[in-house]
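Asks: Quick one: sequence plus predicted model below, questions after.
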Amino acid sequence: VMASMAHLQKEKLRLQEELLELQEKLAAQENNELSLSLQLQGQVETLKAKLLEQAQEISRLRSEQGGTDAEKHRDLLAAENERLRQEMKALEGELRELQRQQQAPCRDCPHLQENARLQEQLSQLQQEAEEMRAKLVELDLEVQQKTNRLAEVELRLKDSLAERAEEEERLSRRLRDSQETIASLKSQPQQIKYIIKTVEVESAKAKQALCETQSRNQYLQEQVGMQKQVLKEMEQQLQSSQKTEAQLRAQIMMYEAELERAHGQMLEEMQAMEEEKNHAIEEAFSRAQVEMKAVHENLAGVRTNLLTLQPALRTLTHDYNSLKRQVRDFPLLLQETLRSARAEISQAIEEVHSTNRELLRKYRRELQLRKKCHNELVRLKGNIRVFGRVRPITKEDGEGPEAANAVTFDADDDAVLHLLHKGKQVSFELDKVFPPQASQEEVFQEVQALVTSCIDGYNVCIFAYGQTGAGKTYTMEGTAANPGINQRALQLLFSEVRGKAADWDYTITVSAAEIYNEALRDLLGKEPQEKLEIKLCPDGSGQLYVPGLTEFRVQSVEDINKVFEFGHIKRVTECTNLNEHSSRSHALLIVTVRGLDRSTGLRTTGKLNLVDLAGSERVGRSGAEGSRLREAQHINKSLSALGDVIYALRSRQGHVPFRNSKLTYLLQDSLSGDSKTLMMVQVSPAEKNTSETLCSLKFAERVRSVELGPVSRKAELGSWPSQEHLEVLKTLQGDSPGSTAPPGRGHASPSPGQLSSRSASIRRKLQTSG
């Protein structure tokens, strides 16, 4: 390796010498090019001298001629002289460009770059050689250390063998002493018993010492074997080090061959570079001679043109003066033209803006009129109205591209939203769309008209639909500080009842139930685990009711809060991967409003069903297991049954499968044409939930196209209320809130005289209530 390093060092010095020779050659070529450029500059100087001679000739001609013609001729010659100077400057620029092109191959020569690359390879080879030398030094140190360890092991082995020999010598001496003692004891028969015991004791000690010696001897043999094994391993490592050294030497030889080959390539490329450079210099010189010849010819032509351009010069002078006057007047004309153009453009822009504002105003007015007519048509047809609400992005959605907003809104139409799904934008049109910044108050303002119609004797159903975690429970129940539709609806009912207290007596009762795992449970009852059944009313009206469902009569906001708190405690909610407080059941809040017109005896019964559906979920994403999995299966089954009912209603099938699920069976009154129904579809704007959002919005469009028919009012005419009846009603109103039963429907029919005397008043009441 050291010899290879020395050879590499010599090769490096040789390459450096060759590099210096090449640099000297390049310097000589640069000197030749400099001399060539000096020659070209000399030619330029001669051209300048000729120009001076021409200037002197012009001055001579100027002196020979006089008056006005001499001045004109002087101006003409001065212009021509200026043109010649510009041509001379152009030639000088071309000369400098030629010099730069001649020097550029020397500066940007690929052979110099190759030389630099070879030098870099040489430095890399030197660095690798240094690394190999360091590795050899490390291997030498490691071999020296292992040799020292082997010498230490041999010394310890020799010490162990010496100790073993000493121990054997000591034991042999003790054995001889014991034999001598035994012989002396044999010569004394009187003390044979005692001597035998003593010999036995001495013999046991000897045996124990012999055993210890044998064990130590075995231990030393094991140590010798271990040291031999270590010595063998060190010999193997030494052999591997020798192999590594051989490999390194082979690599060094390969590097040397590569270096020789690179050196040969460098010499060939430098020779080619020299030939190319000489060829380029010859071409540049010949091109410069051709250009100089052309310059001489041009100068000869200039001399001939100087005598023939005087008439043209007079014409040009006249044209120049006229153009000068036009240029002097041009700024004023330009300013006037720009001023008039700006005025016309501003007027046109203002007209366009006014036209656009008028069109936008008309468009918005027509849009509002169209929505109003559409809502009236929906009301007359009995269509299910569909509102959409988009919840804001929350921290549960995470971060990154999956939490990006995929829902956008139409600035001119609040009933249209756009969903970006798999790179494509899908648009949906609903009756109303609420953006994420919409408040609970704004949402309730759109539904309060439906809530108040419950007082007039209509059945109203508002239910929230959407995937789990989309905000259905927040929209329906809300929070204590920001309540949802449920509590705001009851507060509105109380406000309307107080406004009509002068003519009407109202009773408001509340029931709460949930459908959990296809079982109907009473949330306000004493035993919420008791399963209830849905049955037809025995009065023949065809309506459904739930026997045993607890009804609480409410008269104030405090009663509402107690009922909501009591029902919310018993509702089933669990934590899943998609929602920390996921509703595991369908919750129904049934508000019954019974009214009595004291002046006409007209009785109305309206029912408000507020439904918070459990969210659809994919089991793979929610991570549901065990009971949670069974709950999810029941939820998805009931929502699928709801979809089947909507499909049957939309396609006007003769049989609608209401009884396939407890949910659809309980909502039969709301979906069969005898109720004003509103669906609030809740969607998530997150990118990761676009599939569920797309399904929810498609379902909402299908629901929006269902026609349930005109809604009927639940009102009946009772007998003329007597004073005793009024007192009974007042007594009932004074009762405390509690579990009440619905009032009876059986009343005596009014007499013909009473009916004729009150017909006009009844008609007015019906029109007002409608």
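Replies: It's in.

Asks: Please count neighbours and contacts with C-alpha atoms only from this point.
Replies: Will do.

Asks: Need phi/psi at Val611.
Replies: Backbone torsions for Val611, taken as degrees, to the nearest 10, come to phi -120, psi 130.

Asks: give me every residue that touches it.
Replies: 461-464, 476, 586-589 (Cα atoms under 8 Å, 6 or more residues apart in numbering).

Asks: can you do 7 Å?
Replies: By Cα atoms under 7 Å, 6 or more residues apart in numbering, Val611 lies in contact with 462-464, 587-589.

Asks: For my notes, please list those residues in CSV and give secondary structure, pLDDT and distance to Asp456 for each entry.
Replies: Listed next are the contacts of Val611 as CSV, based on DSSP: H, G, I helix; E, B strand; the rest coil; pLDDT from 0 to 100; distance: Cα to Cα, whole Å:
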residue, secondary structure, pLDDT, distance to Asp456
Ile462, strand, 91, 17
Phe463, strand, 87, 20
Ala464, strand, 91, 24
Ala587, strand, 88, 25
Leu588, strand, 89, 21
Leu589, strand, 88, 19
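
Asks: Can you add distance to Ile455 and neighbour count and give these back as JSON lines?
Replies: Output for these, formatted as JSON lines (distance: Cα to Cα, whole Å; neighbours: other Cα atoms under 10 Å):
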{"residue": "Ile462", "distance to Ile455": "15", "neighbour count": "27"}
{"residue": "Phe463", "distance to Ile455": "19", "neighbour count": "20"}
{"residue": "Ala464", "distance to Ile455": "22", "neighbour count": "25"}
{"residue": "Ala587", "distance to Ile455": "23", "neighbour count": "27"}
{"residue": "Leu588", "distance to Ile455": "19", "neighbour count": "23"}
{"residue": "Leu589", "distance to Ile455": "16", "neighbour count": "21"}
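
Asks: ok, those vs Gly93, which is closest?
Replies: Ala464 (83.2 Å; Cα to Cα).

Asks: which is the next helix or strand following the helix or strand hosting Met254?
Replies: Using DSSP states H and E, Met254 maps to helix 192-308. Per DSSP H and E, the first helix or strand lying C-terminal to helix 192-308 is helix 310-381.

Asks: Following the chain past that following helix, name the next helix or strand.
Replies: Downstream of helix 310-381, the first helix or strand assigned by DSSP H and E is strand 385-390.

Asks: what's the distance between the helix or strand following that next one and the middle of its chain?
Replies: Downstream of strand 385-390, the next assigned helix or strand under DSSP H and E is strand 407-409. Centroid separation between strand 407-409 and its chain, computed with Cα atoms, centre = their mean, to the nearest Å, is 17 Å.

Asks: in its sheet, what does strand 407-409 sit against?
Replies: Sheet pairing of strand 407-409 (DSSP bridges) gives strand 416-421 (antiparallel).

Asks: Now do the buried residues in the following helix or strand past the strand it pairs with.
Replies: Per DSSP H and E, the first helix or strand lying C-terminal to strand 416-421 is strand 424-429. Residues Glu429 are the ones in strand 424-429 that count as buried (16 or more other Cα atoms under 10 Å).

Asks: tally of neighbours for Asp505?
Replies: Using other Cα atoms under 10 Å, Asp505 has 19 other residues around it.

Asks: ok, for it, nearest residue in space, not its chain neighbours?
Replies: Nearest residue to Asp505, sequence neighbours excluded (Cα to Cα, 6 or more residues apart in numbering): Leu596, at 5.1 Å.

Asks: about what we covered before: which strands or helices does the helix holding Met254 pack on?
Replies: Helix 192-308 sits against helix 110-186, with contacts defined as 3 or more Cα pairs under 7 Å, 6 or more residues apart in numbering; DSSP states H and E.

Asks: so what does the helix it packs on touch, helix or strand wise?
Replies: helix 192-308.

Asks: What residues are bridge-paired with the residue nearest to Asp505?
Replies: Beta-bridge partners, per DSSP bridges, of Leu596: Asp505, Arg603.

Asks: Make 531 the starting number, not 1.
Replies: Right, with 531 as the first residue, what we last looked at is Leu1126.
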